[in-house]
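Participant: quick one, what's the 3D model for this:
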Amino acid sequence: MAILPGPVMGKTLISERGGREKKGATMTEATTDDPESGVNAEHWGRVYETTADDAVSWYEPEPRASLEALALADIPVRASLVDVGAGSFRLVEHLLDRGATDLTVVDIASSAFETTRSRLGSRASKVDWLVADVTQWRPDRLFEVWHDRAVFHFMTEPGQRDGYGAALRTATSAGSWLVIATFADDGPERCSGLPVKRYSGPGLIAEFASDFVAHDVWRDEHRSPGGAIQPFTWAVMRRR
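Facilitator: Sure, this is the predicted structure:
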């Protein structure tokens, strides 16, 4: 069964085209106290504890772009998928609605999951929940899909990006898919009070080119709850 019913047209390359804990996971905490770092559990815990789910800038009632990205690669709904920096994002519940059976979510702040678990109710037990710093996390299993909507752009330091890449390589194997979105090169310079690293299509491809081949790369615009338009670069890539 496909993620979305019916065909999805290919994108244009920008160039110019309460559930259970993750089984056997290594539980890690943030390794930096730098208030300007995107890898900061205290900062993200405060964001989720003090901001309503539908008031955060990345809120959307349906994860349209994520579902379209998964459909572009014709990824089956029962593929094993890890959503890094999942927070209170609604992807897992939409995938569960479609019949997904192997879902893992990762976030640096435990409070990020509370809203999602509440929405899911008893279905929360069908998801593996993991609190971890993705730059330090080394999963003990493989996934067919690594999904990241706007975590990687918080990796502003080379060491953070190296750690992220190590986790990604550990979690995937030949044929696995990478579905990733960052602010576009003309997007916001900061998000939730933190600096971000923005990417063009070619720039995002280049970050992962040693291990992944680009399948589709495109630009999308997200409207925040406050009405701001945020340009994103999306990419679907496949592990060599």
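Participant: how far does stretch 134-143 sit from its chain's centre?
Facilitator: With CA atoms, centre = their mean, to the nearest Å as the basis, stretch 134-143 stands 14 Å off its chain's centre.
Participant: again with stretch 64-84
Facilitator: 11 Å.
Participant: span of it from start to end?
Facilitator: Terminal residues of stretch 64-84 are spaced 17 Å apart (CA to CA, to the nearest Å).
Participant: tell me what the biggest helix by length in the chain is packed against?
Facilitator: Longest helix of the chain, by residue count under DSSP state H: helix 158-171. Contact partners of helix 158-171 among helices and strands, from 3 or more CB pairs under 8 Å, 6 or more residues apart in numbering; DSSP states H and E: helix 201-208. Every C-beta, even on glycine, is put in place using the N, C-alpha and C of the backbone.
Participant: check which residues of the helix it packs on are buried.
Facilitator: Counting neighbours by 16 or more other CB atoms under 10 Å, one finds that the buried residues in helix 201-208 are 201-205, 207-208.
Participant: pick the one among the residues you listed closest to residue 153.
Facilitator: Closest approach to residue 153 among those (CB to CB): residue 204, at 9.3 Å.
Participant: so the closest one is in contact with residue 182, correct?
Facilitator: Yes: taking CB atoms under 8 Å as the definition, residue 204 is a contact partner of residue 182 at 6.2 Å.
Participant: okay, now the sheet partners of the strand or helix carrying residue 147, with direction.
Facilitator: Following DSSP states H and E, the helix or strand that holds residue 147 is strand 145-149. If you go by DSSP bridges, strand 145-149 pairs up with strand 81-84 (parallel), strand 177-183 (parallel).
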